[in-house]
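1. no sequence for this one, just the structure:
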Ligand SMILES: *[C@@H]1O[C@H](CO)[C@@H](O)[C@H](O)[C@H]1NC(C)=O
């Protein structure tokens, strides 16, 4: 009895102390925490929590201290939501629960993501951390529409980071996006680590992570299983470091496609290292449409990669045209140079393990092969070359064709 009374008193005291800080609680780092529960969310997976999340974000964003938006255990339904800056707070942590017990889900009817293009969008934020949690876009209905339907919405990316800098995404899980799982655009200094991405191998355009017009992007220690590229690197991407990725199923790690437009920025200084590709359509691919373009791809390093039954382990394709539809059938203007392939080993799912199809009007140059060992079903694989020049060193199997 006394014990109960005591705890009732202590609850009352805690409440009184907490009253002025109803929406705030301080934490050790001298920052302040805004728990979405204080803003009226229901973690039942059915009640729309969008407005409450936005109010919590707005409090954090306008805080003069470093601020955390805290999402506890539960399943929270979110419609398309924009967490926008610039913020007064110089550091915002979007913290989702502990482990994988916190899930953000999209509405079960895919139309509700509609024409938004992005489901969860962070825009113009400097100093952002996104920690833990699962986002589940429940894309299956949308993929069915794409497959059988006539008029589908354009689809939404699950987590987008646009015009942001100094961002860390750590331990996020993303499931079943409508289109790409994560998009990084016009951003600087973004580190994505320990993420786990999954969509079925047949799901259309469900790229894992797409990067464009961004610099200083690091992606490490992540597992990506999708229906499209595990990572796709588009125009204007530079200074990328990609390490310890498990990719597959999926279409591999791709630079491009470039050359979709006549006026386009290029891709430069990209390192992809210490990664494993399992049963993917491609390993490391550079692709461009066969069309005039100002774009380029240069200073690329592929190093310490393992291919396990990969259809095209090493490929440059400058007449990219999926499904052979609307092929421009010109010569690609995209200039590819200084690409190094070093210590790449494993098995190819097709006989041609290394395929360089470069542009007749802009041949690839400075391609370096060093210590390559790729086989085809334990037999010899081959390589194929068009309009490509470079050098080789160490053991190169299959023999290079330039
Ligand atoms: C290339 O990118 C890496 C990784 O972001 C970076 O550390 C390095 O400084 C860049 N190199 C140049 C020459 O910009």
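-> Thanks, I have the structure now. Quick caveat: nothing in here was measured; it's all calculated off a predicted structure. Numbering: from 1, shown residues only.

2. Tell me which residues touch residue 347, please.
-> Residues near residue 347 by C-beta atoms under 8 Å, 6 or more residues apart in numbering: 307-310, 374-378. Yep, even glycine has a C-beta here, placed from its N, CA and C like the rest.

3. again, only this time at 6 Å
-> 309, 375 (C-beta atoms under 6 Å, 6 or more residues apart in numbering).

4. Same question for residue 188.
-> Residue 188 is in contact with 165, 215-216, counting by C-beta under 6 Å, 6+ apart.

5. Restricted to strands, list those residues.
-> Using DSSP state E, 165, 215-216 are the members of the contacts of residue 188 that sit in strands.

6. Next up, the contacts around the residue of the stretch 251-400 of the chain found nearest the ligand.
-> Residue nearest to the ligand within the stretch 251-400 of the chain (C-beta to the nearest ligand atom): residue 269, separated by 3.8 Å. By C-beta under 6 Å, 6+ apart, residue 269 lies in contact with 238-239, 299.

7. pLDDT of stretch 323-341, averaged?
-> Summarised as a single mean, pLDDT over stretch 323-341 is 95.

8. Next: stretch 350-370.
-> 98.

9. Just the buried residues of that stretch, please?
-> Buried residues in stretch 350-370, counted by 16 or more other C-beta atoms under 10 Å: 352-359, 362-365, 367, 369-370.

10. what about stretch 334-346, near the ligand?
-> No. Residues of stretch 334-346 are not located near the ligand by C-beta under 6 Å from any ligand atom, the shortest gap being 11.9 Å.

11. coming back round to it: for the ligand, tell me which of the contacts of residue 269 show up nearby.
-> The residues of the contacts of residue 269 that also fall near the ligand, by C-beta under 6 Å from any ligand atom, are residue 239.

12. Of the contacts of residue 269 - the most surrounded one?
-> Neighbour counts for those peak at residue 238, which has 19 neighbours (criterion: other C-beta atoms under 10 Å).

13. That residue looks like it's in a strand, true?
-> Yes. Counting by DSSP: H, G, I helix; E, B strand; the rest coil, residue 238 is found in a strand.

14. Tell me the bridge partners for it.
-> residue 215, residue 268 (DSSP bridges).

15. How about the backbone phi and psi for residue 322?
-> phi -60, psi 140 (degrees, to the nearest 10).

16. Can you tell me how far it is from residue 254?
-> For residue 322, the distance to residue 254 equals 12 Å [C-beta to C-beta, to the nearest Å].

17. neighbour-wise, which of the two wins?
-> Here residue 322 and residue 254 are set side by side on neighbour count (other C-beta under 10 Å), and the busier one is residue 254, at 26 against 10.

18. What residues sit buried inside the helix or strand the more buried one falls within?
-> Element membership of residue 254 [criterion: DSSP states H and E] is strand 253-258. Residues 253-258 are the ones in strand 253-258 that count as buried (16+ other C-beta under 10 Å).

19. Grab the two from the residues you listed that are most spread out in space.
-> Spanning the widest gap among the buried residues of strand 253-258 are 253 and 258, at 14.8 Å by C-beta to C-beta.

20. out of the contacts of residue 269, who's nearest residue 195?
-> residue 239 (19.8 Å).

21. There's contact between the closest one and residue 215 in this structure, I believe.
-> Yes. Applying C-beta atoms under 6 Å, one finds residue 239 in contact with residue 215, separated by 4.8 Å.

22. Please report how far residue 93 lies from residue 166.
-> Distance from residue 93 to residue 166, counting by C-beta to C-beta: 12 Å.

23. Then residue 206?
-> 28 Å.

24. who has more neighbours, these two?
-> Remark: of residue 206 and residue 166, residue 206 carries more neighbours, 30 against 17, as counted by other C-beta under 10 Å.
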